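# Predicted model follows, preceded by the sequence.
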Amino acid sequence: MAGNGASPGRSVSSKLLAVLGCFDLGRPALTLTEIAELSGLPLSTARRLIGELVDWGGLERTPDQRYRVGIRLWQVGSLAPRQRVLSEAALPFMQDLCAATGENVQLAVLDGHEAMCIEKISSRRAVPTATRIGGRLPLHATGVGKVLLAFSPPTLRKEIIDHGLTARTPHTIVAPGRLAAALDVVREHGLGYSYQEMTLGAVSVAAPVLDAAGAVCGALGIVTHSRATLRQLAPAVRTAALGVSRRCG
């Protein structure tokens, strides 16, 4: 379907997706003007599309005249089979792991050039983290990210390196050779470590989750205080990931 004259060459569906694409964890609620600016749409077009999305339930209006994602989109998103099956298989093991260690336990999947957290469980005494369900994590600076990257095609590794390895902290691995060596160790031992590479004061260890075909479909990890000994937590993480893999299989 062709777009209107105010946005030549753009279909109605592309405009709707542009509106929805404005929202993320850092921008959960936006004004009409902000949505128009972020989507690159004329104000009148943005207003019309937002109205249609509100009527459908994809967006909802807040009392302060902002817009946020509506329950209808959450319902649709929850039907995604890969995440739903993986989450359902992982939750019992994540709960046991959290209860046994008192640490943050997270489950992530590969999404483009990033890891996306699809489940997270925390205890009261766990180290605070900025990670939330639906949040994205760099592949080169996190335990779950390194696991996903290590078992991905070499082309993805090249793309990540060519794009540039951003230093999240002074400990982040930004040298391509060092990252390649670290990923080789992950593949050899089946465990990915991050030592204050994402957040100062926090370390993590993760293990791969396999699907029925034996391919890595996710990564299960623990995030804890930097004073913790990851080598002691690693066997529990590996055991939990193996349990999830068996359920997925």
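Yep, it's here.
# all helices of this structure, in order?
Per DSSP state H, the chain carries helices over the ranges 12-20, 32-39, 43-56, 71-77, 81-101, 143-150, 154-163, 176-189, 230-248.
# what about the helix or strand of the chain with the lowest mean pLDDT, distance to the chain center?
Sorted by mean pLDDT, DSSP states H and E, the helices and strands of the chain end with helix 71-77, the least confident at a mean of 79. What separates the centre of helix 71-77 from the centre of its chain is 18 Å, taken as C-alpha atoms, centre = their mean, to the nearest Å.
# coming back round to it: nearest to D211, of the helices of the chain?
Closest approach to D211 among those is made by helix 230-248 (5.3 Å; C-beta to C-beta). C-beta: built from backbone N, CA, C; applies to glycine.
# can you pull the contacts of the residue nearest to A228 when sequence neighbours are not counted?
Closest residue to A228 apart from its sequence neighbours, by C-beta to C-beta, 6 or more residues apart in numbering: V203 at 6.6 Å. Applying C-beta atoms under 8 Å, 6 or more residues apart in numbering, one finds that V203 lies in contact with 193-196, 223-226, 228, 230.
# The same query, at a cut-off of 7 Å, please.
V203 is in contact with 194-196, 224, 226, 228, 230, counting by C-beta atoms under 7 Å, 6 or more residues apart in numbering.
# mind listing which of those residues are in strands?
194-195, 224 (DSSP state E).
# Buried members of the residues you listed into PyMOL, please.
In PyMOL, this line selects whichever of these come out buried by 16 or more other C-beta atoms under 10 Å:
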select buried, resi 194+195+224
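# tell me which of the ones in strands among the contacts of V203 is nearest to L97?
Nearest member of the ones in strands among the contacts of V203 to L97, counting by C-beta to C-beta, is T224, at 11.5 Å.
# Could you check how far the nearest residue to the closest one once chain neighbours are set aside is from P92?
Nearest non-adjacent residue to T224, counting by C-beta to C-beta, 6+ apart: E103, 4.4 Å away. Separation of E103 from P92 (C-beta to C-beta, to the nearest Å): 17 Å.
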